[in-house]
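S.K.: this is a predicted model, with the sequence first.
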2 protein chains.
Amino acid sequence: MRVSELAVRSDVTIASVKYYIRIGLLHPGVAQSATRAEYDDSHLERVRLIRTLVDVGGLSIERISEVVAALDNPPASRHELLGTAHEVLRDRDRPPASASAQRLVDGVVPACLPSAADHGNPGRSPATLTLDQAITVAESSGWPITAETLTCWGEAMRAVAEVDVVADLADASPAQALRYAIIGNVVTDPILLALRRVAQERLSSERLGGVTAPP
Amino acid sequence: MRVSELAVRSDVTIASVKYYIRIGLLHPGVAQSATRAEYDDSHLERVRLIRTLVDVGGLSIERISEVVAALDNPPASRHELLGTAHEVLRDRDRPPASASAQRLVDGVVPACLPSAADHGNPGRSPATLTLDQAITVAESSGWPITAETLTCWGEAMRAVAEVDVVADLADASPAQALRYAIIGNVVTDPILLALRRVAQERLSSERLGGVTAPP
DNA sequence: CAATGATGGACACTGCTACTATCCAAAGTC
DNA sequence: GACTTTGGATAGTAGCAGTGTCCATCATTG
């Protein structure tokens, strides 16, 4: 297909396609002549990935470059796959984690989320680092998290992750699996948060005995 | 206190304080003379709220204006409180929900999140609308959600919301309760998502039998 | 009591991001 | 042969969230 078709099919302007190629997010088409190049499904898929990451995930172009780099050079082992996915999704410009947050995490997580990696020193994975920092931010916003709360949430998220991991493991190539892990989290995170709000409304209406629905 | 102190205590430059006042996010200090005004804890609290919403929630200044407007004019009834909180946190520029997503939500949510509001026609609350749209986006990103998945997630999020609602109801004035509902969601959403990732890593390492931890 | 320096108010300006627009010459199309 | 499309390059734009600068006032301090 030509640029115009790629642009229409991915719902993006030609100018944007050119832009993505220029900054290296998208590989150029195969040049047929000085004024013609051929684009294929890999281009279409890439542009759609970019748009999902921008529109749904709210990732910056810079972050997307990292995602793309990881996809073009995926980890060989299954074990590092999620780590890589979580690393690119991780918010890098957060203040460092407080000691109390790390202690809380160390105390609660192994108990409610047992893992084979608990033998020996597990180190701090991207996700654990993110958790440390998120709890630190909450603390400094005057919203301290108790061990009980975290335990309860951890158990709930284990149930969520059961579904996730099963879905992710079905796939074939490392690049595809990585793609799935990244897109899967990006598109389903908002669903989870929306469900949380729905649950809050319904629970609160039950507790208060009234009707929460708006006009 | 004077601007300089307010600026230091809220970790913001004087220029930013002036900016927030100029655009109406922050009420001016009480003028003592042409070159002196007195600021109090309400100013400090407001600036900290703004920064939390910007830094943690990633809200735009425009959205924060809505939050501030809601706080200055909170709903009188407890029942509308969460609805208002969810309305201001809701992403307004999403495509409309698909019929299939709405059907999915209607089929799953009442079953796993029973509510007093289910008598008669409940309408669509802000959170439900957000959920519809989030599922629609997932569908159109090639990530269809099954009823089983949604049910499982819904049950997990009910457990999460149990903790939330208890915390929110402890408070006094409508404005305070609204503030808590908004900040609470904003600062704890990232924790939940981080826990999800941690759970994924640990579960996957258990399934794969290896060690997921990075270097 | 004069020098110093913080304040309020107004307005212009900046830095960053993510595109858009324009131009051109070559190539394909009708 | 007129018209459209493309690739490549470069410059320009829109929006957001502040910053910088200026000035007249005013409080403080040596």
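M.R.: Nice, I can see it. Residues are numbered from 1 along each chain as shown, chains lettered A, B, ... in the order given.
S.K.: only C-alpha atoms from now on, for both contacts and neighbour counts.
M.R.: Will do.
S.K.: is any residue of stretch A:125-140 near chain B?
M.R.: Yes: for stretch A:125-140, a contact with chain B is found by CA under 8 Å from any CA of the partner chain, at A:Ser125, A:Ala127, A:Thr128, A:Thr130, A:Leu131, A:Ala134, A:Ile135, A:Val137, A:Ala138.
S.K.: which of the residues you listed scores worst on pLDDT?
M.R.: When the residues of stretch A:125-140 next to chain B are compared by pLDDT, A:Ser125 scores lowest at 93.
S.K.: distance check, it against DNA strand C.
M.R.: 26 Å (CA to the nearest atom of the strand, to the nearest Å).
S.K.: cool, A:Ala175 as well?
M.R.: Counting by CA to the nearest atom of the strand - A:Ala175 and DNA strand C are separated by 23 Å.
S.K.: can you give me the domain assignment for chain A?
M.R.: Residue ranges for the domains of chain A, per automatic domain parsing: A:1-55, A:60-208.
S.K.: of those, which is nearest DNA strand D?
M.R.: domain A:1-55 (3.5 Å; CA to the nearest atom of the strand).
S.K.: near DNA strand D, anything from that closest one?
M.R.: Yes: under the criterion of CA under 7 Å from any atom of the strand, DNA strand D is reached by domain A:1-55 at A:Arg2, A:Val3, A:Ser4, A:Glu5, A:Pro28, A:Gly29, A:Ala31, A:Ala34, A:Thr35, A:Arg36, A:Ala37, A:Glu38.
S.K.: looking at the residues you listed, which is nearest chain B?
M.R.: A:Glu5 (19.1 Å; CA to the nearest CA).
S.K.: tell me where the model's unsure across chain A.
M.R.: A:117-122, A:167-171, A:209-215 (pLDDT under 70).
S.K.: that one: helices as residue ranges?
M.R.: A:3-10, A:14-22, A:41-55, A:61-72, A:78-89, A:99-112, A:126-140, A:147-169, A:174-208 (DSSP state H).
S.K.: tell me which of those lies nearest to B:Ser60.
M.R.: helix A:41-55 (15.2 Å; CA to CA).
S.K.: what is the closest one packed up against?
M.R.: When contacts are defined as 3 or more CA pairs under 8 Å, 6 or more residues apart in numbering or on different chains; DSSP states H and E, helix A:41-55 packs onto helix A:3-10, helix A:61-72, helix A:174-208.
S.K.: which one of the ones you listed lies closest to A:Asp106?
M.R.: Judging the helices and strands packed on helix A:41-55 by CA to CA, what sits closest to A:Asp106 is helix A:174-208, at 23.9 Å.
S.K.: format the helices of chain A as JSON lines; extra columns: mean neighbour count.
M.R.: What follows is those, written out as JSON lines (neighbours: other CA atoms under 10 Å in any protein chain shown):
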{"stretch": "helix A:3-10", "mean neighbour count": "16"}
{"stretch": "helix A:14-22", "mean neighbour count": "14"}
{"stretch": "helix A:41-55", "mean neighbour count": "18"}
{"stretch": "helix A:61-72", "mean neighbour count": "17"}
{"stretch": "helix A:78-89", "mean neighbour count": "22"}
{"stretch": "helix A:99-112", "mean neighbour count": "16"}
{"stretch": "helix A:126-140", "mean neighbour count": "23"}
{"stretch": "helix A:147-169", "mean neighbour count": "19"}
{"stretch": "helix A:174-208", "mean neighbour count": "23"}
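S.K.: relative to B:Glu148, which of those helices is closest?
M.R.: Closest approach to B:Glu148 among the helices of chain A (CA to CA): helix A:147-169, 9.5 Å.
S.K.: tilt between that closest one and helix A:78-89?
M.R.: Following axes from the mean of the first three to the mean of the last three CA atoms, to 10 degrees, one obtains 120 degrees for the angle between helix A:147-169 and helix A:78-89.
S.K.: can you list contacts of helix A:147-169?
M.R.: For helix A:147-169, contacts defined as CA atoms under 8 Å, 6 or more residues apart in numbering or on different chains pick out A:104, A:108-109, A:112-113, A:177, A:180-181, B:149, B:152-153, B:156-157, B:159-160, B:163, B:192, B:195-197, B:199-200, B:203-204.
S.K.: would you quantify the distance from A:Val109 to B:Leu195?
M.R.: From A:Val109 across to B:Leu195, the span is 9 Å (CA to CA, to the nearest Å).
S.K.: over to A:Val187?
M.R.: Taken as CA to CA, the span from A:Val187 to B:Leu195 is 17 Å.
S.K.: flag every residue of chain A that's near DNA strand C.
M.R.: Residues of chain A lying near DNA strand C (CA under 7 Å from any atom of the strand): A:13, A:15-16, A:18-19, A:32-36, A:54, A:59-62.
S.K.: okay, among those, which ones form the most distant pair?
M.R.: Farthest pair in these (CA to CA) is A:Ser33 and A:Leu59. Separation: 35.0 Å.
S.K.: these two: who's more crowded?
M.R.: More neighbours surround A:Leu59 than the other of A:Ser33 and A:Leu59, with 20 against 8 (other CA atoms under 10 Å in any protein chain shown).
S.K.: which residues sit in contact with the more buried one?
M.R.: A:Leu53.
S.K.: contact residues of chain A facing DNA strand D?
M.R.: So chain A meets DNA strand D at A:Arg2, A:Val3, A:Ser4, A:Glu5, A:Pro28, A:Gly29, A:Ala31, A:Ala34, A:Thr35, A:Arg36, A:Ala37, A:Glu38 (CA under 7 Å from any atom of the strand).
S.K.: dump these to a markdown table, plus distance to B:Val67.
M.R.: Below are those laid out as a markdown table (distance: CA to CA, whole Å):
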| residue | distance to B:Val67 |
| --- | --- |
| A:Arg2 | 46 |
| A:Val3 | 43 |
| A:Ser4 | 42 |
| A:Glu5 | 42 |
| A:Pro28 | 44 |
| A:Gly29 | 46 |
| A:Ala31 | 52 |
| A:Ala34 | 54 |
| A:Thr35 | 52 |
| A:Arg36 | 51 |
| A:Ala37 | 49 |
| A:Glu38 | 49 |
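S.K.: great, nothing more from me.
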